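> Got a sequence here, can you build the structure:
(one chain, ligands or ions: 2)
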Amino acid sequence: MKFIVFEGIDGSGLSTQSHLLKEYLLMNGKKVLLTKEPTDGLIGMLIRNTLRKRIKFDEMTLALLFAADRTDHLANIKFAHYDYVISDRYYISNFTYQSQTIDLNFLIEINRYARKPDMVLFLDVKPETCIERIIHNRDHIELYENIEQLKLVKENYLKILKSMQSENNLVVTYIKGDKSIEKVNKDIISALTEANMLENI
Ligand code: TMP
Ligand code: MG
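Ligands and ions are numbered 1, 2, ... in the order given. Predicted structure coming up:
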């Protein structure tokens, strides 16, 4: 079983690309679970409502809710049933988005028991392009979806991924995400091949 995680700022194509990768693996006869954080569980619902600005929590409570949603998420995944589990966002989102206001070491600590991904795919897209995509494709704008936030979050991602790579041996691949959907999908498949993640395909 391989646990693959997609990360990137809002509008970078995480849902589109994780879906296409799932389709590719299914076509090749693999057992695949595509899942997402925040989840559609009870804690995820609190988070979704916060992102939609319908309810509000203080920053610490929200950080803990994201982590609690993750433990709930993991408790419900039967990893052994699949060849691939793909998650659209995981704890690196918690580190990058919430470390704007909460101590990064604390965020790492509350995620200590979360299963380590075998590979993280970071979709690298300019914040300006992401905002355009969000405005174009959706009828509402969520909590972090503004240019200033996305610029800060992107800087945070690059810093945190680099340190996770060197200090925690996290396998991170950076994918240029501003090309066509098909090209990005091809690049992701090539990256997986290079990382020996596609056995018998
Ligand atoms: P989405 O836009 O991919 O649906 O993700 C929801 C938002 O929640 C996105 O702005 C990233 C943010 N987020 C966090 O701030 N912390 C987390 O731990 C996770 C999983 C997501
Ligand atoms: Mg979003």
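
> what's the residue nearest in space to the middle of the chain in contact with, if anything?
Against the mean C-alpha coordinate of the chain, by CA atoms, centre = their mean, the closest residue is Arg89 at 1.9 Å. The contact partners of Arg89, taken as CB atoms under 8 Å, 6 or more residues apart in numbering, are Val5, Phe6, Glu7, Leu14, Lys36, Glu37, Pro38. Where C-beta positions appear, they are placed from N, C-alpha and C, glycine not excepted.

> Kindly report the same for Leu33.
Leu33 touches Ile77, His81, Tyr82, Tyr84, Val85, Ile86, counting by CB under 8 Å, 6+ apart.

> Give me the pLDDT for the residue of the chain most remote from its centre.
What lies farthest from the middle of the chain is Asn200; by CA atoms, centre = their mean that is 26.1 Å. Note on Asn200: pLDDT of 85.

> now do Phe106
Phe106 is assigned 98 on the pLDDT scale.

> Likewise for Lys31?
pLDDT for Lys31: 98.

> Pretty sure it sits against Ala80.
No - assessed by CB atoms under 8 Å, Lys31 is found out of contact with Ala80, at 10.3 Å.

> More neighbours: which of these two?
Of the pair Lys31 and Ala80, Lys31 is the one with more neighbours under other CB atoms under 10 Å, namely 12 against 6.

> can you pull the contacts of Val120?
Applying CB under 8 Å, 6+ apart to Val120 gives the contacts Ile4, Val5, Phe6, Glu7, Tyr90, Ile92, Leu161, Leu170, Val171, Val172, Thr173.

> again, only this time at 10 Å
When contacts are counted by CB atoms under 10 Å, 6 or more residues apart in numbering, Val120 touches 3-7, 87, 90-92, 161, 164-165, 170-174.
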